[in-house]
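Asks: The sequence and its predicted three-dimensional model are supplied below.
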Amino acid sequence: MTETVKISNTGDVSEVSVNNSNPTSEFQNIQVAYRLNGKNYLKWSQLVRTFLKGRGKLSHLLGTGPKEGDPKFDAWDEQDSMVMSWLWNSMMPEISDTCMFLNTSKEIWEAVKQTYSKVRDAAQIYEIKTKISSTKQGSRSITEYSNLLQSLWQEMDHYQCIQMKCSEDAALLKRFVEKDRIYDFLAGLNVEFDAVRVQVLGKEELPSLNETIAIVRAEEGRRGVMVENSQVDSSALVTKAVSERRFGLEQPNSEDNRQTEGTKPINRDSVWCTYCKKARHTKERCWKLHGKPQTTNKNFSEKGGQPKGQGRVYTARQLDGKNNS
């Protein structure tokens, strides 16, 4: 951006051009994210090339600028010195020190490329393939998981570049590689995506990689909505139960229900009848006072009634007659 200001020695304004654009500060923002450390050459080189190309300075890396003696050489050489400083500042100190005394941006670029690019390096290809095969979704979202795999696949394409002479063979190879990556992607999904995995593999024609990722991402979204709805329903049920308990709306229908709400079970050995002076029942359930219930079975005494072996059972009328006699 160019700003025009007019100033004169007498206070009058004359025309002066001020350039507010600061490409150095812009490049510093990029350096922070990707400084060359010896292991990230691929991403670093792509970023530097894009930055310089966007500012019309890619010729400094290619060495295609004007030659000495050309009227434009001095201006171009000044710009080349600026590009050299950008390159040095975008590297870790231990790397920039190794190319500090080179003379041009192209020399720096080529020296770093030969040292760190590892193009067609078998060990690098093996390392990437190992990472791909061991990458699983785990706690990642589908987007995070697919982005990680695609980053590794792009690195593999860089290091394992296969040139096909026939366009038809190239198309077949591309589809073969894509299918292989679909299998890698599906194999690393969590078990909750088994159904959608079967759905994709069961298609007569396997969808593209991007379509496969979109299908799984849609299933992830659907499952997320279902979980949210179930959580809302559960919260509503809990709120209803608390409200019923608070306002006395809950109707327990048995002794068992009351015990599930926190009531301790009755210890019948501690129960005492004030009428017959015996344990395991109360006066309200005393057979001597009220008579034996007709529905009582042989095990009733084991469930809290009158204990067995207490002698003859009298009704209240019989007791009154006996007392009067």
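Replies: The structure has been received and is ready for your questions.

Asks: separation between Trp76 and Ser105?
Replies: Counting by CB to CB, to the nearest Å, the gap from Trp76 to Ser105 is 11 Å. Quick note: C-beta positions are derived from backbone N, CA and C, even for glycine.

Asks: Might you list the low-confidence residue ranges for this protein?
Replies: In the predicted model, the chain carries pLDDT under 70 at residues 1-33, 119-120, 227-269, 295-325.

Asks: need the helices for it, in chain order.
Replies: Listed in chain order, the helices of the chain (DSSP state H) span 23-33, 41-54, 59-62, 73-89, 93-96, 105-116, 122-134, 142-159, 167-187, 194-201, 209-247, 255-260, 287-290, 316-324.

Asks: Dump those to a markdown table, plus distance to Ser270 and mean neighbour count.
Replies: What follows is the helices of the chain, written out as a markdown table (distance: least, CB to CB, whole Å; neighbours: other CB atoms under 10 Å):
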| stretch | distance to Ser270 | mean neighbour count |
| --- | --- | --- |
| helix 23-33 | 76 | 13 |
| helix 41-54 | 78 | 17 |
| helix 59-62 | 94 | 19 |
| helix 73-89 | 86 | 16 |
| helix 93-96 | 83 | 13 |
| helix 105-116 | 85 | 17 |
| helix 122-134 | 65 | 13 |
| helix 142-159 | 62 | 16 |
| helix 167-187 | 65 | 13 |
| helix 194-201 | 57 | 14 |
| helix 209-247 | 29 | 12 |
| helix 255-260 | 17 | 11 |
| helix 287-290 | 19 | 18 |
| helix 316-324 | 26 | 10 |
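
Asks: how near is the spatially closest residue to Gly188 that is not a sequence neighbour to Glu127?
Replies: Spatial nearest neighbour of Gly188, chain neighbours left out: Lys136 (4.5 Å); criterion: CB to CB, 6 or more residues apart in numbering. Counting by CB to CB, the separation of Lys136 from Glu127 is 17 Å.

Asks: okay, now Gly56: neighbour count?
Replies: 9 (other CB atoms under 10 Å).

Asks: Backbone dihedrals for it, please?
Replies: phi 70, psi 30 (degrees, to the nearest 10).

Asks: ok, now which ones touch it?
Replies: For Gly56, no residue meets the contact criterion (CB atoms under 8 Å, 6 or more residues apart in numbering).

Asks: and if you look at Leu206?
Replies: Contacts of Leu206 by CB under 8 Å, 6+ apart are Lys179, Ile182, Val200, Thr212.

Asks: Now Val196. Nearest residue, chain neighbours left out?
Replies: Closest residue to Val196 apart from its sequence neighbours, by CB to CB, 6+ apart: Glu219 at 4.4 Å.

Asks: how about Leu148, what does it touch?
Replies: Thr135, Arg140.

Asks: I'd like to know how far it sits from Phe193.
Replies: In this view, Leu148 and Phe193 are 16 Å apart by CB to CB.

Asks: same deal with Leu209?
Replies: For Leu209, the distance to Phe193 - CB to CB - is 16 Å.

Asks: same check, this time on Trp153
Replies: From Trp153 to Phe193 the distance is 20 Å (CB to CB).

Asks: As a markdown table, the helices of the chain with distance to Trp272 would be great.
Replies: Conversion of the helices of the chain to a markdown table gives the following (distance: least, CB to CB, whole Å):
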| stretch | distance to Trp272 |
| --- | --- |
| helix 23-33 | 83 |
| helix 41-54 | 86 |
| helix 59-62 | 102 |
| helix 73-89 | 94 |
| helix 93-96 | 90 |
| helix 105-116 | 92 |
| helix 122-134 | 73 |
| helix 142-159 | 69 |
| helix 167-187 | 72 |
| helix 194-201 | 63 |
| helix 209-247 | 33 |
| helix 255-260 | 20 |
| helix 287-290 | 14 |
| helix 316-324 | 20 |
